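Peer 1: Pasted the sequence and its predicted model underneath.
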Amino acid sequence: MEAQVCAEDALIRLVADGYASKILRATYGRALSVQQISKQCSIPIAVAYRRVGILEKAGLLRCVRQEEVFRGKKVRYYQCAVKMVKVVFCDGQFMVEVAWLPDEELFGQTSIAEGLKH
């Protein structure tokens with residue numbers, strides 16, 4: 001139970017973070033590279049890379065495709081993976097409810113999703 005509370009506290013802080021919320025809004029319904037996220041959200045590139053990593057680790061952002069652009073350099077494209085995050089305060093406790101987007105909405109087709117999962 002304590003680990004869940006810690007995870008919920010971390011999730012609350014993450015979705016309340018200004019940079020993270022900008023990234024989630026920008027990537028809702030469309031895939032963007034970190035460079036595109038940085039430019040569109042007016043976020044320094046180093047901060048964008050850090051927040052994308054944190055959001056991906058939390059499961060709020062997913063890599064939906066990867067492209068090779070030049071001599072083996074790969075660019076990853078990320079999309080918001082949640083439909084809704086709700087923070088509820090009830091009986092002296094904070095609770096977080098998350099509605100995840102199905103893979104079909106993120107990847108467009110299951111074969112791509114399966115390829116990126118492995």
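Peer 2: Looks like it came in fine.
Peer 1: The closest residue to residue 25 other than its chain neighbours - how many residues pack around it?
Peer 2: Excluding its sequence neighbours, the residue lying closest to residue 25 (Cβ to Cβ, 6 or more residues apart in numbering) is residue 80, at 7.8 Å. Where you see a C-beta, it was placed from the backbone N, CA and C, and this is true even at glycine. Other residues near residue 80 come to 21 when the count uses other Cβ atoms under 10 Å.
Peer 1: In this structure residue 80 contacts residue 27, no?
Peer 2: Yes. At 4.5 Å, residue 80 and residue 27 qualify as touching, with contact defined as Cβ atoms under 8 Å.
Peer 1: anything in contact with each of these two?
Peer 2: residue 61 (Cβ atoms under 8 Å, 6 or more residues apart in numbering).
Peer 1: Return the distance of the closest residue to residue 81 other than its chain neighbours relative to residue 95.
Peer 2: Distances taken as Cβ to Cβ, 6+ apart place residue 62 nearest to residue 81, at 4.4 Å, with adjacent residues excluded. Look at residue 62 and residue 95: by Cβ to Cβ, to the nearest Å, they are 24 Å apart.
Peer 1: And these two? Which one has more around it.
Peer 2: residue 62 (23 against 14).
Peer 1: Can you classify that one as helix, strand or coil?
Peer 2: strand (DSSP: H, G, I helix; E, B strand; the rest coil).
Peer 1: Just list the residues touching it, thanks.
Peer 2: Under the criterion of Cβ under 8 Å, 6+ apart, the neighbours of residue 62 are 56, 78, 79, 81, 106.
Peer 1: just the buried members of those?
Peer 2: Listed as buried from the contacts of residue 62 are 78, 79, 81, 106; burial here means 16 or more other Cβ atoms under 10 Å.
Peer 1: hang on, isn't the last one packed against residue 64?
Peer 2: Yes. Counting by Cβ under 8 Å, residue 106 sits close enough to residue 64 to count as a contact (5.4 Å).
Peer 1: Overlap in contacts, those two.
Peer 2: residue 79.
Peer 1: Where do the strands of this structure begin and end?
Peer 2: With DSSP state E as the criterion, the chain has strands at 32-33, 61-70, 73-80, 82-90, 93-100.
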